[in-house]
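Visitor: Quick one, structure for this:
(chains A and B)
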Amino acid sequence: MRKVGIAGVGHTKFGRSEVSLVDMLALAALEALDDAGIRTGRRHGVDQVFVASMGAGILNRQSSVASALVDTLNLQPAMAETVENGPASGASAVKLGYMAIASGMCDVALVVGGELMRVVTGWEATDFVATMLHPDAEYAYGLTLPAFAGMFTRLYMDKYGVTEKDLAMVAVKNHEHAMHNPVAHIQLVPSFHAIIEDEDAPVINPYVAEPLRVYDVCPVSDGAAAVVLCAMDLADRFRKKPVRIAGIGQATDTHVVAEREVPTDLLAVRLAAQRAYAMAGLKPEDIDVAELHDAFTILEIAISEEAGLFPKGEGHLAVRRGETRVGGRIPINTSGGLKAKGHPLGATGVSQIVELVRQLRGEAGGRQVEGARHGLAVNFGGFGNNVVATILSKEE
Amino acid sequence: MEPGMYAYRCTACGKLFHPARAVCRECGGREFEAVPLEGEGTLLTYTRVYALPEGYMKPWLGFGIVEFPNGVRVSGQMNTEDLAVGMKVRATVGTVKEGVGRDYYGFIFEKAAQA
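Guide: Now for the predicted structure:
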């Protein structure tokens, strides 16, 4: 198999888009093409386009988004597909781009993820996201992703001693990181005292799905992110030295959350990470920076454990010791994470990769992890029933 | 017809599933028989949700995961405010969502009567 790298990255400001879904995707794509030094127009050299979107059909009443993006960017006759894998659509699209190049089928692939979510009300958005659950055994009950996250959190608290304060520490950390990321949706840091200790904390930071509060849950955001993938043997065609995709792992678990034998385990995260480490020939100790799918604060803790960065049940202790902040032993969610950067579903997996590329290139500004060589991203679909882990390595 | 809730037992190896599957995870069998899921179970975890999806005209709703004595675990709505992990609950079947032209039924758990 050919080695595959990332030659360019692009990212819109997450939050509220003033333009249509396809125009928003095009903004991220053009930034990535420019970053790679790829010309647009008749001799563009893009062989394949993958677009990750979970909700274009439901939220925007638009299908075949990849074809529409090719048209807007005039990338014909590039091959094009839209990829849907729930909130893990982004990492799945990067995986497919990797496969397209590694197989020898093409040399250059443009992968764009995006979601235009703020065109619907909050309860419509909540309903849309819940459509990934089991239709009869979960969705029909009014169960949602926050509901499962709340029930998971209660089990985690009882078993491992995680507290609401630990969760608030994750939120404040990620908001602090986002202050150094100009494309993050939320550009303010909540006061730890106000959201968890103050007597008015239940008003400032009310429960959404007990024991999770507003500040434990990601916002609803519009946004797009893009990467240009290339064969490493063509690296000298591009403006910057490509960052190598060292490993990709993916795994599924039971769709029905209640069926899981140990309800505090996230087996698909564990297996996806193990597969990515094996492919990369790396160990968790080698990882210098990680973007983990913190749609809910508890997930950052649980994923950090399942990905082997900390022993099971001890992720919250690392948070307390400050090990997961920039400057700590293993900084997590330097971009601000889903919590503060935002979570436009189809964009998220690509956005995580964009952040790792910026870290490994040394372009992360005030949130830079010094000397970072290996980065891990975990993109979490369903309530952990379809998970993609990706490891990037800096080429020496 | 009064709606009922069922687990599905693999006729080859006896493994129980809820909801129904096409293939048994344990043995690969493809034939199942319906087994009523009723009576008391144990509440494993629960939440109260204040941000309900479209279609629910309620300020909040309780949800839980319950284990039946036969080991089958299911999600359901909770029809009691007095919730604790490990408590005994009784399964009832009711309307869990009102749809256009049809309602959806499923588990609504109540606090079990004291023994």
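
Visitor: so which strand or helix has residue 82?
Guide: In the absence of a named chain, chain A is used. Assigned by DSSP states H and E, residue A:82 belongs to strand A:79-83.

Visitor: other chain: chain B
Guide: Applying DSSP H and E, one finds residue B:82 in no helix or strand.

Visitor: Just give the closest residue to it, not the sequence neighbours.
Guide: Excluding its sequence neighbours, the residue lying closest to residue B:82 (C-beta to C-beta, 6 or more residues apart in numbering or on different chains) is residue B:111, at 6.2 Å. Yep, even glycine has a C-beta here, placed from its N, CA and C like the rest.

Visitor: so what's that neighbour bridging to?
Guide: residue B:89 (DSSP bridges).

Visitor: Touching, it and residue B:90? I think so.
Guide: Yes: Residue B:111 lies in contact with residue B:90 (C-beta atoms under 8 Å); the separation is 7.4 Å.

Visitor: now the residue nearest to residue B:82: how far from residue B:92?
Guide: Between residue B:111 and residue B:92 the computed distance is 11 Å (C-beta to C-beta, to the nearest Å).

Visitor: Could you check which of these two is surrounded by more residues?
Guide: Per other C-beta atoms under 10 Å in any protein chain shown, whichever of residue B:111 and residue B:92 has more neighbours is residue B:111, with 17 against 14.

Visitor: what's near enough to touch that one?
Guide: B:80, B:82, B:87-90 (C-beta atoms under 8 Å, 6 or more residues apart in numbering or on different chains).

Visitor: Show me just the buried residues among the residues you listed.
Guide: The neighbour count (16 or more other C-beta atoms under 10 Å in any protein chain shown) marks B:80, B:87, B:89-90 as buried among those.

Visitor: picking that back up, and the contacts of residue B:111, which two are furthest apart?
Guide: B:82 and B:90 (13.5 Å; C-beta to C-beta).

Visitor: So for the helix or strand hosting residue A:175, what gets flagged as buried?
Guide: Using DSSP H and E, the element containing residue A:175 is helix A:164-178. Neighbour-count burial for helix A:164-178 flags A:164, A:166-178 (criterion: 16+ other C-beta under 10 Å).

Visitor: Tell me the buried residues in stretch B:65-77?
Guide: Result for stretch B:65-77 [16+ other C-beta under 10 Å]: buried residues B:65-66, B:68, B:72-77.

Visitor: Would you mind checking the average pLDDT for it?
Guide: Stretch B:65-77 shows a mean pLDDT of 98.

Visitor: Tell me if that stretch is near chain A.
Guide: Yes: for stretch B:65-77 and chain A, the contact criterion (C-beta under 8 Å from any C-beta of the partner chain) is met by B:65, B:73-77.

Visitor: Greatest separation within these: which pair is it?
Guide: B:73 and B:77 (15.3 Å).

Visitor: how about the residues of the stretch 51-200 of chain A that lie near chain B?
Guide: Selection of the stretch 51-200 of chain A residues close to chain B by C-beta under 8 Å from any C-beta yields A:121-124, A:126-127, A:130, A:134, A:136-138, A:140-144, A:146-147, A:150-152, A:154-155, A:158.

Visitor: Narrow these to just the buried residues.
Guide: A:124, A:126-127, A:130, A:134, A:137-138, A:140-144, A:146-147, A:150-152, A:154-155.

Visitor: and these, which of them are in helices?
Guide: A:124, A:126-127, A:130, A:146-147, A:150-152, A:154-155 (DSSP state H).

Visitor: give the contact list for the closest residue to residue A:381 other than its chain neighbours.
Guide: Excluding its sequence neighbours, the residue lying closest to residue A:381 (C-beta to C-beta, 6+ apart) is residue A:88, at 3.2 Å. Taking C-beta under 8 Å, 6+ apart, we find residue A:88 in contact with A:349, A:379-382, A:386-388.

Visitor: what does residue A:96 give?
Guide: A:50, A:81, A:83, A:111.

Visitor: host element of it?
Guide: helix A:89-102.

Visitor: what angle sits between that helix and strand A:79-83?
Guide: 150 degrees (axes from the mean of the first three to the mean of the last three C-alpha atoms, to 10 degrees).

Visitor: before we move on, what SS does residue A:230 have?
Guide: Here residue A:230 is recorded as strand under DSSP: H, G, I helix; E, B strand; the rest coil.

Visitor: which SS class is the closest residue to it other than its chain neighbours?
Guide: Spatially, and ignoring its direct neighbours in sequence, residue A:230 is nearest to residue A:7 (4.6 Å; C-beta to C-beta, 6+ apart). The three-state assignment at residue A:7 reads strand, by three-state DSSP.

Visitor: number of nearby residues for residue A:7?
Guide: For residue A:7, using other C-beta under 10 Å, the count is 27.

Visitor: Next one: it from residue A:303, what distance?
Guide: 28 Å.

Visitor: and what of residue A:76?
Guide: 40 Å.

Visitor: beta partners of the closest residue to residue A:259 other than its chain neighbours?
Guide: Computed as C-beta to C-beta, 6+ apart, the closest residue to residue A:259 that is not its neighbour in sequence is residue B:73, at 6.1 Å. In this structure, residue B:73 bridges to residue B:67 when assessed by DSSP bridges.

Visitor: Assess the claim that residue B:73 and residue B:45 are in contact.
Guide: No: counting by C-beta under 8 Å, residue B:45 is not a contact partner of residue B:73; they are 10.3 Å apart.

Visitor: anything in contact with each of these two?
Guide: Counting by C-beta under 8 Å, 6+ apart, the shared contacts of residue B:73 and residue B:45 are residue B:65.

Visitor: domains in chain B, as residue ranges please.
Guide: For chain B, automatic domain parsing gives the domain ranges B:6-35, B:38-111.

Visitor: Check these for me and report the most buried one.
Guide: Highest mean neighbour count among the domains of chain B (mean count of other C-beta atoms under 10 Å in any protein chain shown): domain B:38-111, with a mean of 17.

Visitor: Near residue A:18, how many residues? Count them for me, please.
Guide: The burial count for residue A:18: 7, using other C-beta under 10 Å.

Visitor: that's a helix at it, yeah?
Guide: No: the assignment for residue A:18, made by three-state DSSP, is coil rather than a helix.

Visitor: just the buried residues of helix A:164-178 now: which is nearest residue B:15?
Guide: Among those, and counting by C-beta to C-beta, the member closest to residue B:15 is residue A:167, at 36.2 Å.

Visitor: follow-up on the earlier one: put together TSV for the ones in helices among the buried ones among the residues of the stretch 51-200 of chain A next to chain B, with pLDDT on each row.
Guide: Listed next are these as TSV, based on pLDDT from 0 to 100:
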residue	pLDDT
A:124	93
A:126	93
A:127	94
A:130	97
A:146	97
A:147	98
A:150	98
A:151	98
A:152	98
A:154	98
A:155	98
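
Visitor: what residues are up against residue 38?
Guide: Let's take chain A. A:7-8, A:44-46, A:108, A:228, A:238.

Visitor: wrong one, I was asking about chain B
Guide: Applying C-beta under 8 Å, 6+ apart, the residues contacting residue B:38 are B:4-5, B:91.

Visitor: pLDDT value on it, please?
Guide: So residue B:38 comes in at 94 (pLDDT).

Visitor: just the one 4 residues further on next, same as before
Guide: What the model reports as pLDDT for residue B:42 is 98.

Visitor: ok, now the one 5 residues further on?
Guide: Reported pLDDT at residue B:47 in the predicted model: 98.

Visitor: That's all I had, so thanks and see you.
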